[in-house]
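# Okay, predicted coordinates and the sequence, questions at the end:
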Amino acid sequence: MHRSVPHQIRIIGGEWKRTPLPVLDLDGLRPTPDRVRETLFNWLGQDLAGQTCLDLFAGSGALGMEAASRGAAQVMMVERNVRAVKQLRANQERLGASTVQVIEADALRLAAGLRPESFDVVFLDPPFEGDLLVRALALCLPLVSAHGALYIESAQSLERLAANEPEDVAARGGRAFPSLQGWHVTRQGRAGAVHYHLLRRGNKE
């Protein structure tokens, strides 16, 4: 079923606050809603100065551009759809976003070659269909720095996904959800069909 998307979103805070960004109508493109982004960046802190960020399935660029607007020192945005990449680069040029790097590539292949613990914040918001989240999560967990954060959007709660119920594993083609040992969910919420979570390393206090 084709899902409609908004024609534009707005950056919530930082240097480019209230700036609209065009959103293409592409299958699988699901921009993070304004309310969810506002909540996420409240969790992360309003100022991301000096931090390095990875937006692995960049899509509309909502998460990565928001991070750059809030002072991130480097934002790597990865997207494989040619039209989406063109739009991301147009937005980058329009904003003069010198700290943003837009890479046209397969997200999983690129993530597999990145240096461990090289990002302070990783945004993981892949299309919900298939086992992309499971595969990407296994690659992204090692990429987060010791005191960094991992943001995940999913169609189910991580608690349910991590339970590895037989029917869920079968639906993922036999691929089990990766272990989150050594991590804890510091914050989580839900907006409609989207579950969103912020994870950090260490034991939950």
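Ah, there it is.

# Next, give phi and psi for the residue of the chain most remote from its centre.
For the chain, the residue at maximal distance from the C-alpha centroid (Cα atoms, centre = their mean) is residue 166, at 27.0 Å. For residue 166, the backbone dihedrals are phi -50, psi -40 (criterion: degrees, to the nearest 10).

# any idea how far residue 181 is from it?
In this view, residue 166 and residue 181 are 21 Å apart by Cβ to Cβ, to the nearest Å. Bear in mind the C-beta positions are built from the backbone N, C-alpha and C, glycine included.

# Residue 126 too?
Residue 126 is 22 Å from residue 181, by Cβ to Cβ.

# Just want to know which of the two has more residues nearby.
residue 126 (23 against 5; other Cβ atoms under 10 Å).

# how would you label the more buried one: helix, strand or coil?
Of the three states, residue 126 takes coil according to DSSP: H, G, I helix; E, B strand; the rest coil.

# Let me know whether it touches residue 107 as I believe.
Yes: contact criterion Cβ atoms under 8 Å: residue 126 and residue 107 qualify, at 7.2 Å.

# What lies in contact with stretch 121-141?
28, 30, 32, 44, 48, 51-57, 59, 63-64, 67, 72, 107-108, 111-112, 143-144, 148-155, 161, 172-173, 175-178, 180, 183 (Cβ atoms under 8 Å, 6 or more residues apart in numbering).
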